[in-house]
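Student: Kindly return the folded structure for what I paste below:
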Amino acid sequence: MNDNGSEKQTRDNAPPTPPLILAFFLAFPSLLVVIVPYVILMTGFGYQVPFHQVTSFRFFGTVPITGGAFISLWAMWDLLVYGRLKLPIFTLKQLDNGGEKYTFRGVFRYMRNPVYAGICMLLMGQAIYFVSGTLFFYTLGAFAALHLLVILYEEPNFRAIYPQAYADYCRRVPRWLPVWEKIMKEEGVLPL
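Tutor: Numbering: from 1, shown residues only. As a prediction, this is how the structure comes out:
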């Protein structure tokens with residue numbers, strides 16, 4: 001209980017994520033990375049370089065496609081399986097001194113929005129692979145929309161529900177791009 005008599009909000013006693021949000025969570029990435037790019041490419045909307053004029057350059061797009069898909073799927077797996085259908089994904093550990101420690105798992109240890117970052121990476125890879133300027137600008141628009149979703153909706157909600165835990169998380173973990181030196185140290189590749 002808090003000083004004011006109300007029960008402290010933790011992840012364990014938080015309500016489950018509503019089914020409509022979960023359905024959106026699963027359908028939205030498919031819409032962004034499969035359906036819209038497919039429509040753009042099949043309708044010939046915008047400028048595209050003909051395939052016969054493209055050499056091996058287009059295969060540089062396979063790296064961000066693969067990486068983005070891996071990051072997004074890993075994050076979605078952690079959210080759905082280990083997160084027990086609750087957002088954000090963390091566990092609260094009570095310390096012996098009465099304090100609390102929040103532990104984040106998987107890719108959420110390195111960036112706060114791995115699903116969205118993976119989607120944008122995958123879209124950029126598609127723009128490179130298909131040599132499509134239209135897909136490139138679509139990727140920029142999708143990133144801008146996702147960034148606004150994060151800063152205007154998600155982060156304020158998480159700060160309201162988990163004030164201290166989410167503030168600590170925001171201080172330790174960057175929003176979009178992981179800090180590679182920190183990752184290498186945590187994984188034991190570089191000396192601490």
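
Student: Just name the shakiest helix or strand of this structure by mean pLDDT.
Tutor: In the chain, no helix or strand scores lower on mean pLDDT, DSSP states H and E than strand 91-94, which sits at a mean of 57.

Student: how much space is there between residue 137 and residue 128?
Tutor: Between residue 137 and residue 128 the distance is 13 Å, computed by C-beta to C-beta, to the nearest Å. For the C-beta atoms, the positions are set from N, CA and C on the backbone; glycine is no exception.

Student: what about the two, which has more around it?
Tutor: Neighbour tally, residue 137 and residue 128, criterion other C-beta atoms under 10 Å: the higher count belongs to residue 128, 21 against 14.

Student: other SSEs contacting the helix or strand hosting that one?
Tutor: Taking DSSP states H and E as the definition, residue 128 sits inside helix 114-129. Using 3 or more C-beta pairs under 8 Å, 6 or more residues apart in numbering; DSSP states H and E, the elements in contact with helix 114-129 are helix 62-77, helix 133-149.

Student: buried stuff in the longest one?
Tutor: Of the residues in helix 133-149, those with enough neighbours to count as buried (16 or more other C-beta atoms under 10 Å) are 134-136, 138-139, 142-143, 146.

Student: Serialize those residues to JSON lines and add fields for distance to residue 40.
Tutor: Listed next are these as JSON lines, based on distance: C-beta to C-beta, whole Å:
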{"residue": "134", "distance to residue 40": "5"}
{"residue": "135", "distance to residue 40": "6"}
{"residue": "136", "distance to residue 40": "11"}
{"residue": "138", "distance to residue 40": "6"}
{"residue": "139", "distance to residue 40": "11"}
{"residue": "142", "distance to residue 40": "12"}
{"residue": "143", "distance to residue 40": "16"}
{"residue": "146", "distance to residue 40": "18"}
